[in-house]
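Q: generate a structure from the sequence data that follows.
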Amino acid sequence: MTSFPVESRHANPSVSQPRLRRPDGSPIRAVVVDDEDSLTDLLSMALRYEGWDVRLASDGQKALSVVREFRPDVIVLDVMLPDIDGLQVLQRLRTDGNQTPILFLTAKDSVDDRVAGLTVGGDDYVTKPFSLEELVARLRGLIRRSGLTVDDSDDSHLVVGDLELDEESYEVRRDGELIELTATEFELLRYLMRNARRVVSKMQILDRVWSYDFGGKSSVVEIYISYLRKKIDAGRTPMIHTVRGVGYILKPSR
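A: Residues are numbered from 1 along each chain as shown. As a prediction, the model looks like this:
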């Protein structure tokens, strides 16, 4: 049984943080998938303290069923499950068109394992043992990126050439055509658009989009830049450019 650092203060990990709610005022919906009852009980308690509506699943097949029925806003997904593993669960959800932000939870702690999880479409990664404060903070970050909270800034509509991004509706269009992005792809594009015509380094992107150093494994940035190019630039004049040895720049195609 894996041990988790739990202290009494972990029962209310973000007491000083404002509560997040869905745009209609209803609670955030979360699904936690792990086969360790003690862990799911702990996470359920922490997330319910946040005011969220939580559902649990102990294996991959049950997770797929719960997600399809419950339609959560965020998913905590263990990689090692008794039937199909978490990577397969995620792949099936993405194949179904489900773009719910997913935070992987696993005992594996190598950078390569983290990148593998993100490569198949995951949005973040926490390794066991972990602190509840960190996990809840990561989930709150994913939810904010996913568009469930409204940005109060006046410049919520970004335009670079024929590319438009609306931070309130979380819609992206190029030349009027709607483009579907995952939460992390959206955050990456938003960062590039807010820094349009300016070169940003991989480390700057890691710090801004993932909010932590990915062990120096900047290949995760290359992976997500590749995803964006396939969706934003495919069949069009490229807007995302590589500045060799420096980073990336987004600029109008005309």
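Q: next up, the contacts around Val89.
A: By CB atoms under 8 Å, 6 or more residues apart in numbering, the contact set of Val89 is Val33, Gly60, Ala63, Leu64, Leu77, Leu81. Glycine gets a C-beta too; all of them are placed from N, C-alpha and C.
Q: ends of stretch 64-77, what's the gap?
A: 11 Å (CA to CA, to the nearest Å).
Q: determine how far it lies from the middle of the whole chain.
A: Centroid separation between stretch 64-77 and its chain, computed with CA atoms, centre = their mean, to the nearest Å, is 14 Å.
Q: ok, and what's touching it?
A: 22, 28-34, 43, 55-57, 63, 86, 89-90, 92-93, 96, 98, 100-105, 122, 135, 139, 142-143, 146, 148.
Q: repeat that for stretch 48-57.
A: By CB under 8 Å, 6+ apart, stretch 48-57 touches 11-14, 19-21, 26-33, 40, 43-44, 47, 63, 65-66, 70, 72, 136.
Q: and that stretch, which residues are buried?
A: Tyr49, Glu50, Trp52, Asp53, Val54, Arg55, Leu56, Ala57 (16 or more other CB atoms under 10 Å).
Q: ramachandran angles for the fourth one?
A: Listed backbone geometry of Asp53 is phi -90, psi 120, with angles given as degrees, to the nearest 10.
Q: then the fifth one?
A: Reported as degrees, to the nearest 10, the phi and psi values for Val54 are phi -120, psi 140.
Q: wait, what's in contact with the residue lying closest to Val243 once chain neighbours are set aside?
A: Among residues not flanking Val243 along the chain, Val199 sits closest, at 5.0 Å (CB to CB, 6 or more residues apart in numbering). Contact partners of Val199, counting by CB under 8 Å, 6+ apart, are Val243, Val246, Gly247, Tyr248, Ile249.
Q: among the residues you listed, which one has the most neighbours?
A: Counting neighbours by other CB atoms under 10 Å, Tyr248 comes out on top of the contacts of Val199 with 24 neighbours.
Q: pretty sure it sits against Val209.
A: No - counting by CB atoms under 8 Å, Tyr248 does not reach Val209; the two are 11.8 Å apart.
Q: so what sits against both of the two?
A: Common neighbours of Tyr248 and Val209 (CB under 8 Å, 6+ apart) do not exist.
Q: now do stretch 166-182, average pLDDT.
A: For stretch 166-182, mean pLDDT is 89.
Q: before we move on, back to that, which of the buried residues of stretch 48-57 fall in strands?
A: Those of these mapping onto strands are Asp53, Val54, Arg55, Leu56, Ala57, per DSSP state E.
Q: if we can go back for a sec, dump the contacts of Val89 into a markdown table; add pLDDT as well.
A: Output for those, formatted as a markdown table (pLDDT from 0 to 100):
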| residue | pLDDT |
| --- | --- |
| Val33 | 96 |
| Gly60 | 94 |
| Ala63 | 96 |
| Leu64 | 96 |
| Leu77 | 94 |
| Leu81 | 91 |
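Q: how about these in JSON lines, adding neighbour count and distance to Tyr227?
A: Converted to JSON lines, the contacts of Val89 look like this (neighbours: other CB atoms under 10 Å; distance: CB to CB, whole Å):
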{"residue": "Val33", "neighbour count": "26", "distance to Tyr227": "24"}
{"residue": "Gly60", "neighbour count": "23", "distance to Tyr227": "24"}
{"residue": "Ala63", "neighbour count": "28", "distance to Tyr227": "24"}
{"residue": "Leu64", "neighbour count": "19", "distance to Tyr227": "23"}
{"residue": "Leu77", "neighbour count": "27", "distance to Tyr227": "19"}
{"residue": "Leu81", "neighbour count": "22", "distance to Tyr227": "25"}
